[in-house]
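Participant: Could you work out the structure for the sequence below:
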Amino acid sequence: MERRNFLKIMAAGATVIAVNPSLIRGNLYAADGRLYAAYEKAQLVDAVGNPIKASALDTEMTYIFNYPYASTPCMIINLPEPTQQEVQLKSDSGEEYVWKSGVGKNRTIVAYSAICPHQLTHPTPNDNFIQYVPKSKPTMAYDNSGVIVCSSHLSAYDAKAGAKNLRGAATQPLAAVVLDVAADDTIWAVGILGPDKFQDYFKSFKPELKEFYGGIAQGKQLVSISAKTVKLTEYSKDVIQY
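Facilitator: Residues are numbered from 1 along each chain as shown. The predicted model follows:
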């Protein structure tokens, strides 16, 4: 299996350590905060369970899958050009971490948590306000398109640079989903890089977890083996973008 998405932990006065996330169980820490959490590997599959191939992803299309929990939505996007590499990012509480790059043949495939760190806006089966805006489509949130936008409060994130926050009320990046692309072109989610908002999400949306997932316990179940992946327009009835 191709291992192309690595984590580097940075701490003041310490040596930079490079780690292959797929060989780790548990959490890695720098300073006082969690930067990387390894979860069960899950293969991205389509609505009927067929493996999704990296080369088959439509360019600039937002796809949604739930990972690492049954109720936590993530987005995967095949960008029109290669991503940046070795992007240094920082959480609200000051932890620094490095997002390696996109994956796939041309380093164009990225995946991020679809929970906005500002006020936890996220896609639901009813509606959605956070997505990638193609380069040809305008957005009120930023000067240029080709970015991820949360239309709730017009926060913009750089899709090609680890979802670094560019403008708006959000003050830290979206958490990144660490991906592996296998030799047969299948895609696997293996962990989360950066500060996530999963626990805040669980506390804030208990009625939603009951409505869409059957309860809090069901929504907190860890994803394993596979993660159903569909286009955003198939996941949410109403997609709003400004």
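
Participant: Pro133 touches Cys150, doesn't it?
Facilitator: Just so we're on the same page, residue 133 is Val rather than Pro. No. Taking contacts as C-beta atoms under 8 Å, Val133 lies outside contact range of Cys150: 10.7 Å. Every C-beta, even on glycine, is put in place using the N, C-alpha and C of the backbone.

Participant: So, low pLDDT: which residues of the chain?
Facilitator: 1-34 (pLDDT under 70).

Participant: Is the most centrally placed residue in the chain within a helix or a strand, and which one?
Facilitator: Note on the chain: the residue nearest the mean C-alpha position is Tyr112, at 1.2 Å, using C-alpha atoms, centre = their mean. Counting by DSSP states H and E, the element that carries Tyr112 is strand 109-113.

Participant: How about residues contacting that strand?
Facilitator: Contacts to strand 109-113, defined as C-beta atoms under 8 Å, 6 or more residues apart in numbering, come from residues 54, 57, 72-79, 83, 102-103, 148, 157, 159-160, 163, 174-177, 179, 181, 187, 189, 192, 196-197.

Participant: helix or strand right after it?
Facilitator: On the C-terminal side of strand 109-113, the closest following helix or strand by DSSP H and E is strand 127-128.

Participant: Show me which of Val133 and Cys150 is the more surrounded one.
Facilitator: Shown here are Val133 and Cys150; by other C-beta atoms under 10 Å, Cys150 has more neighbours (29 against 24).

Participant: Spit out the contact partners of the more buried one.
Facilitator: Contacts of Cys150 (C-beta under 8 Å, 6+ apart): 116, 118, 121, 129-130, 141, 156-157, 168, 170.

Participant: related to what we said a few turns ago, what sits opposite the residue nearest to the centre of the chain in the beta ladder?
Facilitator: Assessed by DSSP bridges, Tyr112 has beta-bridge partners Met75, Ala176.

Participant: Same check on Glu96?
Facilitator: The partner list for Glu96 in beta bridges (DSSP bridges) reads Met10, Lys90.

Participant: Please report how far it lies from Lys197.
Facilitator: Separation of Glu96 from Lys197 (C-beta to C-beta, to the nearest Å): 19 Å.

Participant: my read is Thr233 is in a helix, agree?
Facilitator: Yes. Using DSSP: H, G, I helix; E, B strand; the rest coil, the assignment for Thr233 is a helix.

Participant: Spit out the contact partners of it.
Facilitator: Neighbouring residues of Thr233 by C-beta under 8 Å, 6+ apart: Val239.

Participant: cool, Pro117 as well?
Facilitator: Pro117 neighbours (C-beta under 8 Å, 6+ apart): 92, 170-175, 195, 197.

Participant: ok, now how distant is it from Leu35?
Facilitator: On the measure of C-beta to C-beta, Pro117 and Leu35 end up 15 Å apart.

Participant: and the nearest residue to Lys137 once chain neighbours are set aside, how many neighbours?
Facilitator: Leaving aside its sequence neighbours, Lys137 sits nearest to Ser145 (C-beta to C-beta, 6 or more residues apart in numbering; 5.6 Å). Residues lying near Ser145 (other C-beta under 10 Å) number 17.

Participant: who's in contact with Ser145?
Facilitator: By C-beta under 8 Å, 6+ apart, the residues touching Ser145 are 133-139.

Participant: from what I can see, it looks like it's in a strand, true?
Facilitator: No. Secondary structure of Ser145 (three-state DSSP): coil, not part of a strand.
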